[in-house]
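> for reference, the sequence and a predicted model appear below.
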Amino acid sequence: MPAHGDDSNSGSARDAAGTPGSVIPLFPLSHVLLPGMPLPLHIFEPRYRQLLLDISSGPGTPSFGIVTLTRGTEVGTEGVDEEPQFALVGTVAEVLEVEPFDDGASDLLTVGSRRFRIERLVPGKPYLQAEVQYLDERDGGDTGTLREIVLGLQDQHAMLIHALTGRQSDMVLPTDPNQLSYHLAAQLPLTSEDRQQLLEAPDAVVRLARSAVLLRREIALLRATRTIAVASRVLQLHLSLN
């Protein structure tokens, strides 16, 4: 990806409707945020306290962009010159709840909304910010057959887990093809690389097709090893925006 401050991709970002793009606060995180998915965060580092103040004083719903780290750490490390590197496609996190603490830290509850692609990084703040192009959510064609295939594979996956653990799935799957593809990407025990590929897919047809491949892989692994890989969300880890 471009180095921080690199304007090689400079120029006005434009969304699919042709309107100018936006400059948004940006934070690289060791997590792939998907549209429609919740993300709890704990903020205590000074630059992200400033980010929260800035977005809280602006118009509209407070929000910032989450992009997945490909190199480096979430927490700023004194004396380390290496800049973090991160994926160019991310998701806007909209802040639903803020719980402030006496020491200046805050707990946030956020939810993923729009996807975006970074056009260029914009200097001027203690935290990262970028000019972004928002990405449309397209079906990409007839998703009916793919949806039935994916739902059948998901049923097989759920039955295998039930047979191995006795745990009955209470997952309610969306009917919208894009929402379904994101929901599956969040629920399955996938690597960050797998989730990022699904996030970057151009439309629901591509994403559902990839989901079917990943579901077949997980089913084969369950049958072969009789063990279950645990998704990070199942562990309910409290992620830190620092």
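Looks like it came in fine. Note that the structure is a prediction, hence the values are computed from the model and not measured.
> which residue of the chain sits farthest from its center?
If you look at how far each residue of the chain sits from its centre, by C-alpha atoms, centre = their mean, the farthest one is residue 163, at 30.6 Å.
> is it correct that that one falls within a strand?
No - going by DSSP: H, G, I helix; E, B strand; the rest coil, the assignment for residue 163 is helix, not a strand.
> tell me the contacts of it?
Counting by C-beta atoms under 8 Å, 6 or more residues apart in numbering, residue 163 makes contact with nothing. (C-beta placed from N, C-alpha, C; glycine too.)
> now it: how far from residue 36?
Taking C-beta to C-beta, to the nearest Å as the criterion, residue 163 is separated from residue 36 by 29 Å.
> all the helices of the chain, residue numbers only.
All helices of the chain, identified by DSSP state H, fall at 46-56, 144-165, 177-187, 192-200, 204-225, 232-235.
> most packed of those?
Stretch with highest mean neighbour count among those: helix 177-187 (a mean of 23; mean count of other C-beta atoms under 10 Å).
> then it to CSV, C-alphas only?
C-alpha atoms of helix 177-187 as CSV (Å, rounded to 0.1, in the frame of the first residue of the first chain):
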residue,chain,number,x,y,z
PRO,A,177,-27.6,-11.6,-0.7
ASN,A,178,-25.0,-9.0,0.4
GLN,A,179,-26.0,-9.1,4.0
LEU,A,180,-26.0,-12.9,3.9
SER,A,181,-22.4,-12.9,2.5
TYR,A,182,-21.2,-10.6,5.2
HIS,A,183,-23.0,-12.5,7.9
LEU,A,184,-21.4,-15.7,6.9
ALA,A,185,-18.0,-14.1,6.6
ALA,A,186,-18.3,-12.9,10.2
GLN,A,187,-19.6,-16.1,11.7
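> so what does that helix touch, helix or strand wise?
Other elements packing on helix 177-187 under the criterion 3 or more C-beta pairs under 8 Å, 6 or more residues apart in numbering; DSSP states H and E are helix 144-165, helix 192-200, helix 204-225.
> just the C-alphas of the second one, formatted as PDB.
To tie it back to what came earlier, the one meant is helix 192-200. Taking Å, rounded to 0.1, in the frame of the first residue of the first chain, the C-alpha atoms of helix 192-200 are listed here in PDB:
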ATOM      1  CA  SER A 192      -8.100 -12.300   8.500                       C
ATOM      2  CA  GLU A 193      -6.900 -12.900   4.900                       C
ATOM      3  CA  ASP A 194     -10.000 -14.800   4.000                       C
ATOM      4  CA  ARG A 195     -12.300 -12.200   5.500                       C
ATOM      5  CA  GLN A 196     -10.400  -9.400   3.800                       C
ATOM      6  CA  GLN A 197     -10.800 -11.100   0.500                       C
ATOM      7  CA  LEU A 198     -14.600 -11.400   1.100                       C
ATOM      8  CA  LEU A 199     -14.700  -7.700   2.100                       C
ATOM      9  CA  GLU A 200     -13.000  -6.700  -1.100                       C
END
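> appreciated, that's everything.
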